[in-house]
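A.B. asks: Need coordinates for the below:
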Amino acid sequence: MIRVEVTDITTLNVDAIVNAANSLLLGGGGVDGAIHRAAGPGLLAECRTIDGCPTGEARITRGYELPAPYVIHTVGPIWQGGDRGESRLLESCYLSCLKLCPAYHIKSIAFPAISCGIYGYPKAEAVAIATRAVSTAYKKCGLEEVIFCCFDEEMAGLYIQAL
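C.D. replies: Residues are numbered from 1 along each chain as shown. Take a look at the predicted model:
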């Protein structure tokens, strides 16, 4: 089942939440900062043991003080006009997160709108990529529930329309 929610991703009781991280994985603004604050200092300490994460890939950590036992960190592309492989990299973010799920017995996952904040990806294009990638792959990865977690009703409307 895929659904859309307007809520704070750090409050969701799912097996994993996805962090739209920067390549250093050491916290930042937006969703990344909110997840690090809610998870507590253990998340930053574990992230310091990981040698970053390239754009389009994903890394997994414990969730610490979050309701979710895992955080899957992925680094979305910065929008540079659309002719520098951004769509391929954004799709890879979603697929890389999903590919980690079977090994950790993750059955439910929540995604933020990766690259749609400060990274400037056009929202409708990003939503189309996200919904297409997740819809075609989530069941193959053993997932039962996927939540597209939105900051506002505008974003939720784009996801609902795409689905």
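A.B. asks: So for Leu89, what pLDDT did the model give?
C.D. replies: Looking at Leu89, its pLDDT stands at 98.
A.B. asks: meant to ask about Gly27
C.D. replies: Model confidence at Gly27, expressed as pLDDT, equals 86.
A.B. asks: Now do the same contact list for the most centrally placed residue in the chain.
C.D. replies: Nearest to the geometric centre of the chain sits Val18, at 3.3 Å (C-alpha atoms, centre = their mean). By C-beta atoms under 8 Å, 6 or more residues apart in numbering, the residues touching Val18 are Ile9, Ala58, Val71, Ile72, His73, Thr74, Cys97, Ile109, Ala110, Phe111, Pro112, Ile114. C-beta here means a position set from N, CA and C on the backbone, and glycine is covered the same way.
A.B. asks: could you flag which of those residues are buried?
C.D. replies: Taking 16 or more other C-beta atoms under 10 Å as the criterion, what is buried in the contacts of Val18 is Ile9, Ala58, Val71, Ile72, His73, Thr74, Cys97, Ile109, Ala110, Phe111, Pro112, Ile114.
A.B. asks: Mind putting the contacts of Val18 into CSV with distance to Val134, pLDDT and secondary structure?
C.D. replies: Shown next, in CSV, are the contacts of Val18 (distance: C-beta to C-beta, whole Å; pLDDT from 0 to 100; DSSP: H, G, I helix; E, B strand; the rest coil):
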residue, distance to Val134, pLDDT, secondary structure
Ile9, 15, 97, helix
Ala58, 13, 98, strand
Val71, 18, 98, strand
Ile72, 13, 98, strand
His73, 17, 98, strand
Thr74, 13, 98, strand
Cys97, 9, 98, helix
Ile109, 9, 98, strand
Ala110, 11, 98, strand
Phe111, 7, 98, strand
Pro112, 13, 98, coil
Ile114, 11, 97, coil
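A.B. asks: Many thanks, we can stop here.
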